[in-house]
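Asker: Quick one: sequence plus predicted model below, questions after.
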Amino acid sequence: MATPSARASCPLLLLPSPPPACPSILATKRTQRRRRILSCRAAVRFDRRDVLAGLTGVAAGELGAHPGLAAAEDASVVSCPRGETVTDKLLACQEAGQKPCPPTPAATAAAVDFTPPTSPMRVRQPAHLADAETVKKYRQALAAMRALPDSDPRSFASQAAIHQAYCDGHYRYGGPAAASKDDAPFDVHFSWIFAPWHRMYIYFYERILGGLIGDDAFALPYWNWDAPAGMAMPAIFKDAGSPLYDANRDPAHLGAYVNLDILNTGDTVIPFDPQAVQNNQVVQNNLCTLYVQMMRNKKAQDFLGDKFCAEYPSTVSSGTSGSLESMAHTSVHIWAGDPGSSTVGNDGQEHTGADMGFLGTAGRDPVFYSHHANVDRLWHLWATKLGRSNFDDPEWLDTSFVFYDEKPQLVRVRVRDVLDAAALRYSYDDREPLRWMDARPTPLLPKGTAAATTRRSLLRGAAPAPAFPLTLTPGQSVEVPSVPMPPRAQKTPAAGGGTQPDTVLVFDRIEFEPGRSGKFDVVINVPPEQAAAAGPRYSEYAGSFATLPRGGNRSGETAVVALVLPLDEVLADIGVGDEDGAVNVVIVPRTQGIKIIRPPRIEIRER
Ligand code: C2O
């Protein structure tokens, strides 16, 4: 098992001098460094899989004795310390012909830079409370959008294809335009790109709809699934005669409460009655899920996802998803899609869950845009009402994408252009109270017991540590005993009055098949036989890894990402202190086949 001390936040500094075989490892230019590390790796003839497999069980201290491994290892951890600025110039469509990679390079060359709109304020209303006028306009506008020929970039088919292209792995990062032969699958999920890209996408979708009915104040209703009265498929989407309807939805869920933890708690179907919204188990669980997602994830990298890095060729590896993406958002996709459907993806494989539950088809269901309006609203609330700070890294702020507006004119828009909803001339009508703000989880085990369990297991030598890589099987919770906690005395306030250091649990390599949905939960200090019950309602729940299936990857491409979970509130709420020295981390698999390459570790994070 890697020793935590040797794997602190800046491992590059801890490595021995660069081995002679890789002289350029310390090259200062990031892009150069990345390429050279990759060629260095080629020189020592490690295939990425060999590297991942070969590294298992190699203690960090031994890496110095294996220069090739050290270089490859380093490439995965620090080759991208600042993240990468993604622009359309660095993206290359990997397919031709009928496959969706809009827009054409000629159109992109003619894109204009975004300028803030001067239109009246568009006030987005909760879908379950939207006024009749708004609903009528949305029906008219969507009917007009559906009537456009597919070749029109404003058509519903084109809008849905945008999501398929960017979210289903149809672009490669570093194509010919990038003058680089690095060629990695690109996906706007699993990194800090997730929130701003989806904000841009629904913003232009809304503008196009308004344009089609000549109303520049038209506002997209949002699916208010974070309020009990909104925890169902909104009625406006259920009328089979309406352009807002989509047939590919889970029939069992059309009249049920939304379950924001569907892969966790199983398919709990409780009939939803809009006249008598209950305070049932599902509602409670949903509110606690939102509490964890919104309140516990205070730092930008925890909430929005971490830096985008294109590192490994032949994998999907961009970064780490934040709680905004991996929690309620992912569950709603899976909850809404039809598990009985089957779609052949661009990978030639069959995928279930269309439309919402498969990234290749999600944009074909109109409810998708209202779902993402709520995701966008939660980001907006986090940054405004909850007072959290977005990233200030130029690599994030200058990341840009192109979208068609209502004219249709192709517009190049940067992340820094979309951080203020008011400047984009839209706002959210927040009529429902934010009940999740007070839904703080409570301990499953009586306080004190948890800490005592750890002490006991430490004393008796604990259960044997599981072997890594670990392949997960539902029903088989895995306890990683006695994961050391760096003493909190090491927590020094950040220089310059910056953010406080915090304790995080890190899984740095999770491998999964991108074509399937996947999930596991992480709980702290609960006996493994009770761990499956310790969902978001309980303080012991530290968070989850979750992914939606996508279909654009090349055959054999595996996805590798990290998972970082903030731990301070969990430890405080279950009564674990410095004197405990360690915690037991229990991994609760919810789907089959995810591979955790290396054991989790606890770090004090400065930033
Ligand atoms: Cu790009 Cu909710 O998906």
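Answerer: On my side now, so go ahead.
Asker: Against the ligand, how distant is residue 415?
Answerer: 16 Å (Cβ to the nearest ligand atom, to the nearest Å). Yep, even glycine has a C-beta here, placed from its N, CA and C like the rest.
Asker: which non-adjacent residue is nearest that residue?
Answerer: residue 196 (4.4 Å; Cβ to Cβ, 6 or more residues apart in numbering).
Asker: helix or strand for the one you found, which one?
Answerer: If you go by DSSP states H and E, residue 196 is part of helix 194-212.
Asker: Residue 413 too?
Answerer: Element membership for residue 413, per DSSP H and E: strand 410-414.
Asker: average pLDDT for whichever helix or strand comes after that strand?
Answerer: If you walk from strand 410-414 toward the C-terminus, the next helix or strand you reach (DSSP H and E) is strand 426-428. Mean pLDDT, computed over strand 426-428, is 98.
Asker: Run through who's touching strand 426-428.
Answerer: Contacts to strand 426-428, defined as Cβ atoms under 8 Å, 6 or more residues apart in numbering, come from residues 121-124, 203, 206, 219, 222, 377, 380-381, 421.
Asker: Nearest residue to the residue in the stretch 51-200 of the chain that the ligand sits nearest to in space, please, no chain neighbours.
Answerer: The stretch 51-200 of the chain approaches the ligand most closely through residue 167 (3.4 Å), counting by Cβ to the nearest ligand atom. Distances taken as Cβ to Cβ, 6+ apart place residue 359 nearest to residue 167, at 4.7 Å, with adjacent residues excluded.
Asker: And the one you found, its phi and psi?
Answerer: phi -70, psi -20 (degrees, to the nearest 10).
Asker: Just give me the neighbour total for it.
Answerer: 28 (other Cβ atoms under 10 Å).
Asker: how about the residue nearest to residue 415, what does it touch?
Answerer: Residue 196 neighbours (Cβ under 8 Å, 6+ apart): 396, 399, 415, 418-419.
Asker: Try it again at 10 Å.
Answerer: 188, 304, 376, 379, 390-391, 396-397, 399-401, 413-419 (Cβ atoms under 10 Å, 6 or more residues apart in numbering).
Asker: what is the rounded mean pLDDT of the strand holding residue 413?
Answerer: Throughout strand 410-414, pLDDT has a mean value of 97.
Asker: And that strand, what does it pack against?
Answerer: Strand 410-414 sits against helix 105-109, strand 112-113, helix 194-212, strand 400-404, with contacts defined as 3 or more Cβ pairs under 10 Å, 6 or more residues apart in numbering; DSSP states H and E.
Asker: Spell out whether the last one and the ligand are in contact.
Answerer: Spelled out, it's strand 400-404. No - judged by Cβ under 6 Å from any ligand atom, strand 400-404 makes no contact with the ligand; its nearest approach is 12.6 Å.
Asker: Can I get that strand in PDB, CA atoms only?
Answerer: In PDB, the C-alpha atoms belonging to strand 400-404 read as follows (Å, rounded to 0.1, in the frame of the first residue of the first chain):
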ATOM      1  CA  SER A 400     -14.200  28.100 -24.400                       C
ATOM      2  CA  PHE A 401     -16.700  26.300 -26.600                       C
ATOM      3  CA  VAL A 402     -18.700  27.300 -29.600                       C
ATOM      4  CA  PHE A 403     -22.500  27.300 -29.800                       C
ATOM      5  CA  TYR A 404     -25.100  28.500 -32.300                       C
END
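Asker: which strands and helices sit next to that strand?
Answerer: Checking 3+ Cβ pairs under 10 Å, 6+ apart, strand 400-404 ends up next to helix 105-109, helix 156-167, helix 194-212, strand 410-414.
Asker: What pairs with the last one, parallel or antiparallel?
Answerer: I take that to be strand 410-414. Paired strands of strand 410-414, with direction, are strand 112-113 (parallel), strand 400-404 (antiparallel) (DSSP bridges).
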